Structures are given as C-alpha cells and as structure tokens.
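# what follows is a predicted protein model with its sequence.
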Amino acid sequence: MNELESRLEAFASLQKIYGKGPLSLVIVLSRKAREQKPPFSAHDFLTRQGGQVAGLGRGAVQNILAEHNINRVLAEEGGRTSRGSIQKMRAYVDFLNELDKRNLLDFPTIEKWWVGKVKEFFSSKPFSLKTDFSKSIRSIVSDLIDAAFARQRECTGTMVAGAVMQHLVGAKIETALPEIKIKHEGFSVADAPMGRKGDFFIGDTAIHVTTAPTEALIRKCCDNLLHNLRPLIITTQSGVGGAIALAKNANVSERIDILEIEQFLATNVYEWSAFQQSKRTLSVRQLIDAYNRIIEQCETDPSLKIAIG
C-alpha cells in the first residue's frame, strides 16, 4: 500500500466512509473536484441555498460507476439525503487540499480506489431473493442466478455464480433427502485431487454442477460411466445446449442426464408445497435456510448468503 492509499484508508476509517451514502458522496465530489484547481473551497460544493451538497443524486453516481462497468444501484438518492453529508463534504475537501500540499493529488487513482470500496460494499451484501409469486418459481431462481453472474462480472477473479449454484443444488438435495448424509465442499475444492467423482455422490449417481460445461467435464462423466456411475449435469439454461453438444461429440449423449438448474430447483419447490401457493413461501424459505447453513459451514465469504425479501 503506497502513501496515497494509506491516507485514503485512514480517511475512510476516520470519517466512516463505508455505507452507500458516504461512498456516493466522495465519488461525486472526487469527480467534481477533478474539474477544478486546488486549493478547493467547501462553499463551491454546496447548492445555492447551502442546504445540500451540489450535484449529488442517483444519476451522477451511476454514471461514474458505469464507467467502471458497475451497473448495480449504489443509492437511490445518491447520498443526497444522507445525514451529515455536508460535514463529510467539508472533511473531504480539507483532505483533498492536504493531499495537494503533499503532491499526492491523483484523481484517477483516488476514483479507482473509491470504486474498489464500492465493489467491497456490494460484495459484502447478501443476495436478495424476492419471493414475488406473480412470477414463476423458475423465474425467481433465474433472477437469483443472474444476480450471481452480475456480481461475478463486477468482482473479477471470483466464481460467485458457480458457488451459488453448487450450494443451491446441495441445499435442494439435503432438503429433499433428509435421511441421507450429504457431504458439502467449499466451491474452491477441486474434484480430481480429492478423488471426488462429482460435486455430489448419491447412490449410483455422480452430480456435476457447472456454469459452463467443458470437454473436461464430459471426460469426467465418461469416467463415471466406466465405474458404473450415472452422471447428472446440472447447469444454466444456456449451458444445457453446450453440454448436449459436447456429450454427442463424445458419443455419450444418451447416457448422461443434463438438466437446467432453474427447473431442477423449481420442481421440488412445487412438490414440497403440495402445489399450493399458501405453502410455497415456506418451501422456498426451507431451501434458502439450508443453503445459508451450507455457506456458513463451507465458505469464508458471508456475502454468498441469500436474504429473502
């Protein structure tokens, strides 16, 4: 960590720039200050009436974040209604002036650093599952998977979607088969070094959960067949076609079952709820509770949890 980053970290800690409102504030202020020459005056960042910080709002914040390939909404009001915004603005202006005195005023680096904090903020929040039963169960699950892929795109180097899918499938199996002991592994645990025949091994079935089927996965399925195991691939809707094509190329398409995760999960929700809407919310909550317990046991990232809205 260089001196500029150290000072940014110290300022964020002192002023508690962690929530969506304060983060919106400093991101917009950094961009506005970039257009001016130091030393900066806090008065120049106030509205004409002096009651609010000028330029704050959802549009201003989201436009800046979009330049960094972030499309999630940070704050509906863009920090405009946050208590203490003016006080924090004055402190940040003083901070920028101090950086200028020390020849550390580098706005591209400062903005990138704050955007990193926004990504940390998003990644610290659990996924939200909206139980809107005017939509199909399949669509509700699909929205959740899409959210996992969106977070994965924002936080490069992570495999969020794969982890969410694996543990949702594990939760579904555990809930559907309470009499069977299911072994859950962290998503980063590779199959081959552990001698695992799949993500889950139940009866004579090896279950493989994947966001993107590959030839390596099909080879693993072929190995399952050699050991008298029945391979089952669970993937996304877009992954089903690819898995089928790969299985055909390996001449095993008639020996491997390939299911999309949305329907794999939705089917059980309908069965558990006895096809009654009054019981459907309880069935979904039962699945998500099992999922969250698995996250606590197997993963170190609590943001993988799902909160039911």
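Received, thanks.
# how about the most centrally placed residue in the chain, phi and psi?
By CA atoms, centre = their mean, the chain has its centre lying nearest to Arg151, at 3.5 Å. Per-residue torsions, Arg151: phi -70, psi -40 (degrees, to the nearest 10).
# give the contact list for the spatially closest residue to it that is not a sequence neighbour.
With sequence-adjacent residues excluded and distances taken as CB to CB, 6 or more residues apart in numbering, Arg151 is closest to Val160, at 4.9 Å. Any C-beta I mention is one placed from the backbone N, CA and C, and that applies to glycine too. Contacts for Val160 were tallied using CB atoms under 8 Å, 6 or more residues apart in numbering; they are 148-149, 151-152, 304.
# how about the strands in the stretch 101-250 of the chain?
Ranges of strands within the stretch 101-250 of the chain are 127-129, 200-202, 205-209, 230-235, based on DSSP state E, counting those that start in this stretch.
# strands paired with the last one, and their directions?
Note on strand 230-235: by DSSP bridges, its sheet partners are strand 205-209 (parallel), strand 257-260 (parallel).
# chain center to that strand, what's the gap?
24 Å (CA atoms, centre = their mean, to the nearest Å).
# what mean pLDDT does it get?
For strand 230-235, mean pLDDT is 97.
# quick check: buried residues in that strand?
231-235 (16 or more other CB atoms under 10 Å).
# of those, just say which sits nearest to Ile17.
Within these, distances to Ile17 taken as CB to CB reach their minimum at Thr235, with 40.3 Å.
# quick one: Ile234 and Phe149, what's the gap?
16 Å (CB to CB, to the nearest Å).
# in the stretch 101-250 of the chain, which spans are helices?
Counting by DSSP state H, counting those that start in this stretch, residue ranges of the helices within the stretch 101-250 of the chain are 107-123, 137-154, 160-176, 215-226, 237-249.
# redo those as a markdown table? Include distance to Asp44.
Putting these into a markdown table (distance: least, CB to CB, whole Å) gives the following:
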| stretch | distance to Asp44 |
| --- | --- |
| helix 107-123 | 16 |
| helix 137-154 | 32 |
| helix 160-176 | 41 |
| helix 215-226 | 58 |
| helix 237-249 | 50 |
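# so which of these is the most packed in?
Comparing those by mean neighbour count (mean count of other CB atoms under 10 Å), helix 160-176 ranks first with a mean of 22.
# averaged pLDDT, that helix. What do you get?
Computed over helix 160-176, the mean pLDDT rounds to 94.
# so what angle separates the directions of the longest helix along the chain and helix 137-154?
Longest helix in the chain, counting residues (DSSP state H): helix 277-298. Orientation of helix 277-298 against helix 137-154 (axes from the mean of the first three to the mean of the last three CA atoms, to 10 degrees) gives an angle of 30 degrees.
# ramachandran coordinates for Ile308?
Dihedral angles (degrees, to the nearest 10) for Ile308: phi -90, psi 120.
# wait, doesn't it sit right on Pro126?
No. The criterion here is CB atoms under 8 Å, and Ile308 misses it with Pro126 at 9.8 Å.
# and the longest helix of the chain, which residues are buried?
In helix 277-298, counting by 16+ other CB under 10 Å, buried: 280, 283-284, 286-288, 290-292, 294-295, 298.
# what about it, average pLDDT?
Rounded mean pLDDT across helix 277-298 is 90.
# lowest-confidence helix or strand of the chain?
strand 127-129 (a mean of 83; mean pLDDT, DSSP states H and E).
# point out where this structure drops to low pLDDT.
For the chain, the stretches with pLDDT under 70 are 1, 76-83, 154-158, 188-196.
# domain ranges for it?
3-123, 127-308 (automatic domain parsing).
# hang on, Arg48 is in a helix, isn't it?
No. In this structure, Arg48 is coil, not part of a helix, as judged by DSSP: H, G, I helix; E, B strand; the rest coil.
# that one: how many residues sit nearby?
As a burial measure, Arg48 scores 7 neighbours (other CB atoms under 10 Å).
# now the one 4 residues further on
One way to gauge burial is a neighbour count; for Gln52, by other CB under 10 Å, it gives 17.
# cool, the one 5 residues further on as well?
For Gly57, the neighbour count with other CB under 10 Å is 19.
# circling back: columns distance to Arg90 on top of the buried residues of helix 277-298, output as JSON lines?
Output for the buried residues of helix 277-298, formatted as JSON lines (distance: CB to CB, whole Å):
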{"residue": "Arg280", "distance to Arg90": "51"}
{"residue": "Ser283", "distance to Arg90": "52"}
{"residue": "Val284", "distance to Arg90": "47"}
{"residue": "Gln286", "distance to Arg90": "50"}
{"residue": "Leu287", "distance to Arg90": "49"}
{"residue": "Ile288", "distance to Arg90": "44"}
{"residue": "Ala290", "distance to Arg90": "49"}
{"residue": "Tyr291", "distance to Arg90": "45"}
{"residue": "Asn292", "distance to Arg90": "42"}
{"residue": "Ile294", "distance to Arg90": "47"}
{"residue": "Ile295", "distance to Arg90": "41"}
{"residue": "Cys298", "distance to Arg90": "46"}
